[in-house]
Every structure is written in structure tokens, then in C-alpha cells.
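Q: need a structure here:
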Amino acid sequence: MDTVAHETGSLVVGIDGSEAALQAARWAAREAAHRELSVHLVYSINLAELYTGVIPPTADVREALREEGTAQLRAAEQAVKRAADIEVATHLESDAPAVVLRDASRLAHMLVVGSSGGGAIGTALGSITLKLAGHAECPVVVVRGDTSAGRTQGLPVVVGVDGSSRSGPALAYGFQEASLHGSPLTAVHVWSDADAERMLKSTRDFVDWEPIREAEERSLEQMLAGWTERYPDVEVERVVKRDNPKRVLSELSERAQLVVVATRGRGGFAGLLLGSTSHALIHSSACPVMLIGPESYPAE
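A: Residues are numbered from 1 along each chain as shown. Take a look at the predicted model:
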């Protein structure tokens, strides 16, 4: 197996020996076939964690770990080939998974990981995934829910829009995915969350919410304007709510094929952080979640 030095445009999948990772590999296979791209499977044995002080792991331990990694990659490769007729490559690495995948993101079309697992990627899902999304140079997709072939056909792509500068890239990828799959897009702008409700508890009965709602609807319309012109084939539903963004996006994920959110961004009525929303979604979404970090390159 060679190092992760793949051509621009592959889908790179983190493999850790779990069923969730195999599900991610199958999802990536179907997406790669749809895009006419290849899949690259990556397994890291993370040798640095095996040092006892300055004493390296023995040769027998290293060899056993390589054999295990090779077996896991072979199983994932078979899963990919059963899911789609595409080119697939495997890579056995020795660095930390987050480092390996971050480096791979410089040329990848997207990074794909499972929602949980028994290995280094799965056991630290929240910290590794969000750290990865914060530094990856392409989108990071966490595969969740029932992703069996054909189940999500016709379901919308849901995009969280918070009004920050990160909303633009999230919308770019959201429209791109919707157009690619011939699906509608649901743009979600939640302009007040639970924190705002608590802050205004004593006065909320006297607040005229309608002008605020109208202003937020206009704001969303302005953010969508250029994208609806660029993608006239995409049917767009606008959702503007005074609610908790985590709850709204989680509920919408039950009837979606993909949820797209930025991993950072402050905006909206309460200054909500889509970073915290992203963290919640990778644990609660009923469908795959695409995380758009600040280093992600713009969609073509």
C-alpha cells in the first residue's frame, strides 16, 4: 500500500475496524460512483500512542497492528466494491488519524468518517471530527442514519444558515449537492435559540416578534439570491424559525438525505454558534452531516 498521495477529487474514508466505518465506506462508494471519482480508504495504527515513555513498541506489536490494519482495509475494500463499481485504493498509515486525514484533505474531494466506532476515529468522534473539520481543506462528512441505496432518493438537502460569513460556503456546497442529486434544498435560518428565550423571559410577552421575523426572512432571501440564480434547477424551501437550531436541524434530518452546516460562525438573533450545532448533529442527525470548515475550498 502506498502513502495517501492521491489525485485531486477522491473521496477519502477513515477506516477504524467498526461497522460504522464500513457504512461510511459504502456511502462514499455510491457518492463516488455518482461523481465518477475514486475512493481511498485510510487506516492509521497511530504508533506514537504505543510508546512507553521513550521505548517504542516491539517489532512483533508493530507487525500485529499492521496485519490487523491490512485486514480491516481489505474488508472495507470489499464493502466498497459490493456497493459500486469504482476504483478503490487502500492506505495503511502510522500517524494519528486526524493528522493523516487532515493531510489527505489537501487533495480530496471530501473526507468521510463513520458516526461511531471501536478504533481511534470512532472512540473520539466528537473531538477528532470537529478538529478535523476545523482544519480540513475539503468538506468532512459524518455518515449517520439509514443510508441504504435508494432510501434517500428525492429527499432534500438541508442547509443551516446562520447569517455569518460561513453561510456562503455552506450554501455553495448545499446547492451543489442538491443539483448533483436532482433534489430539493431546504435552507434553514433559526434566528432565536433557547439562550435568547431565557434572556428575554421576563419581557418576551411584550416583544413584537413579527418585524424581527420579517427582517430575518429578508436576510435569508438575500443570502439565497445569488445561489437560486446559479442553480435554477434546484427547488428551494425556506424555513425561518424562532427556535433552537440543534432541535430544528435534527428534526429536519429525519426527512433529508444530507445536512450541511458550517463548523464555525456567529450570527442570528442570539449570536448562535453553528460550531455547537455541528457538534450536536454528529451525534443526533438521522442522516449524513457535511461539515464545512473555515479551510474548505470553495465549491466549483
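Q: Low-confidence regions, the stretch 101-250 of the chain specifically.
A: The stretch 101-250 of the chain contains residues with pLDDT under 70 at 116-127, 192-211.
Q: got the buried residues for stretch 227-241?
A: Trp227, Thr228, Tyr231, Val234, Val236, Val239, Val240, Lys241 (16 or more other C-beta atoms under 10 Å). Using the backbone N, CA and C atoms, a C-beta is placed for each residue, glycine as well.
Q: Okay, and the beta partners of the fifth one?
A: I take that to be Val236. For Val236, the beta-bridge partners are Leu185 (DSSP bridges).
Q: coming back round to it: rebuild the buried residues of stretch 227-241 as a markdown table, extending it with secondary structure and distance to Glu68.
A: Shown next, in a markdown table, are these (DSSP: H, G, I helix; E, B strand; the rest coil; distance: C-beta to C-beta, whole Å):
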| residue | secondary structure | distance to Glu68 |
| --- | --- | --- |
| Trp227 | helix | 45 |
| Thr228 | helix | 50 |
| Tyr231 | coil | 45 |
| Val234 | coil | 44 |
| Val236 | strand | 47 |
| Val239 | strand | 46 |
| Val240 | strand | 50 |
| Lys241 | strand | 47 |
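Q: Which of those sits closest to Ser115?
A: Ser115 lies nearest to Val239 out of these, by C-beta to C-beta, at 24.4 Å.
Q: which ones are touching the spatially closest residue to Arg255 that is not a sequence neighbour?
A: Computed as C-beta to C-beta, 6 or more residues apart in numbering, the closest residue to Arg255 that is not its neighbour in sequence is Leu155, at 6.2 Å. Leu155 makes contact with Ser183, Arg255, Ala256, Gln257, Cys287, according to C-beta atoms under 8 Å, 6 or more residues apart in numbering.
Q: Alpha carbons only: can I get the helix or strand containing His283 in CSV?
A: In the assignment (DSSP states H and E), His283 maps to helix 274-284. Output of helix 274-284 as CSV, limited to C-alpha atoms (Å, rounded to 0.1, in the frame of the first residue of the first chain):
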residue,chain,number,x,y,z
LEU,A,274,-23.1,26.7,14.4
GLY,A,275,-20.0,25.1,16.0
SER,A,276,-22.1,23.8,18.9
THR,A,277,-24.8,22.9,16.4
SER,A,278,-22.4,20.8,14.4
HIS,A,279,-21.2,19.0,17.5
ALA,A,280,-24.8,18.1,18.3
LEU,A,281,-25.7,17.0,14.8
ILE,A,282,-22.8,14.5,14.5
HIS,A,283,-24.4,12.7,17.4
SER,A,284,-28.1,13.2,16.7
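Q: Now do that helix: everything it contacts.
A: 115, 125-126, 129-130, 133, 142, 144, 160, 162, 164, 166, 245-246, 249-250, 253, 259, 261-265, 289, 291.
Q: Each with direction, which strands does the next helix or strand after it pair with?
A: For helix 274-284, the following helix or strand on the C-terminal side (DSSP H and E) is strand 289-292. Partner strands and pairing direction for strand 289-292 (DSSP bridges) are strand 140-143 (antiparallel), strand 258-262 (parallel).
Q: just those: most buried one?
A: strand 258-262 (a mean of 30; mean count of other C-beta atoms under 10 Å).
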